[in-house]
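Peer 1: only geometry, no sequence info:
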């Protein structure tokens, strides 16, 4: 999992460069997980701020409630009371922080987070070749980029019915199934893609990505094995696979 704490802190403390500020604000729009991290940061900051205010108020209440005494016993009693209060306040902050963490990250595992980030960054929009004519592949991609995933899948399914060797249609159809959370079809599609005689074949990497996203029992070790294969055999997606394996 990528640690954005310094990046987020820099934004709110106004220490980021102009380009980083622009990147930060764009990530808030494009990256749901990053937006959740920012929301968590803001919530914890507010919790701590509110707790400091409460603690200060209690401090002054104690001073007004118990006049300053020259006797050691009274002084120590006041200190003990404040020490107990501060301990309880610190415990309350910790509980609130933990509660906030689970509120913003319910059941979200690291492998799923890595898969989500990749999908949002690299698979939300696919490149469309501009030209004077638009073939079926380009039409399918345009529908995909417009968010019409079901219509786009029908275009690529139609292409494969007439030309089962069309590796581009096979690749895009698997990505669509993945985006639609139809993990069985996505995985089967990428398994079949692995048999295509391509110089650069992303099938193994996409199989691992599908298992990471699905994250059912047994999926994580299978995904790890596939990622290791990508790295060892220098397959498409090697750089990303290496990064993921380091964070595993």
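Peer 2: Noted; the coordinates are in hand. If you're wondering where the values come from, they're calculated on a predicted model, not measured in any experiment.

Peer 1: could you chop this structure up by domain?
Peer 2: 5-108, 111-247 (automatic domain parsing).

Peer 1: adding mean neighbour count and mean pLDDT, write those out as a markdown table.
Peer 2: Heads up, the C-betas are built off the backbone N, CA and C, glycines and all. Converted to a markdown table, the domains of the chain look like this (neighbours: other CB atoms under 10 Å; pLDDT from 0 to 100):
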| stretch | mean neighbour count | mean pLDDT |
| --- | --- | --- |
| domain 5-108 | 13 | 67 |
| domain 111-247 | 17 | 94 |
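
Peer 1: list the residues that contact residue 205.
Peer 2: Residue 205 makes contacts with 226, 227, 230, 235, 236, 237, 240, 241, as judged by CB atoms under 8 Å, 6 or more residues apart in numbering.

Peer 1: what sits closest to the fifth one if chain neighbours are left out?
Peer 2: Put plainly, it is residue 236. Of all residues not flanking residue 236 in the chain, residue 202 sits nearest, at 4.2 Å (CB to CB, 6 or more residues apart in numbering).

Peer 1: isn't that neighbour up against residue 240?
Peer 2: No - Residue 202 is beyond contact range of residue 240, at 10.4 Å (criterion: CB atoms under 8 Å).

Peer 1: tell me the pLDDT of residue 110.
Peer 2: As predicted, residue 110 sits at a pLDDT of 81.

Peer 1: any idea how far it is from residue 158?
Peer 2: 38 Å (CB to CB, to the nearest Å).

Peer 1: same question, residue 192
Peer 2: Taking CB to CB, one finds residue 192 at 17 Å from residue 158.

Peer 1: how about residue 209?
Peer 2: For residue 209 relative to residue 158 (CB to CB), the value is 25 Å.

Peer 1: hang on, residue 123 packs against residue 178?
Peer 2: Yes - using CB under 8 Å, residue 123 makes contact with residue 178 at a distance of 7.4 Å.

Peer 1: which helix or strand contains the residue nearest to residue 166 when sequence neighbours are not counted?
Peer 2: Take residue 166 and drop its neighbours on the chain: the residue closest to it by CB to CB, 6+ apart is residue 159, 5.5 Å away. Using DSSP states H and E, residue 159 sits within helix 149-162.

Peer 1: contacts for that helix next, please.
Peer 2: Helix 149-162 is contacted from outside by 136-137, 139-141, 143-144, 166, 169-170, 172-173, 176-177, 179-180, using CB under 8 Å, 6+ apart.

Peer 1: from the contact counts, what lies against whichever helix or strand comes after that helix?
Peer 2: Sequence order places helix 167-179 as the next helix or strand after helix 149-162, per DSSP H and E. Secondary-structure packing of helix 167-179 (3 or more CB pairs under 8 Å, 6 or more residues apart in numbering; DSSP states H and E): helix 136-145, helix 149-162, helix 183-193, helix 203-214.
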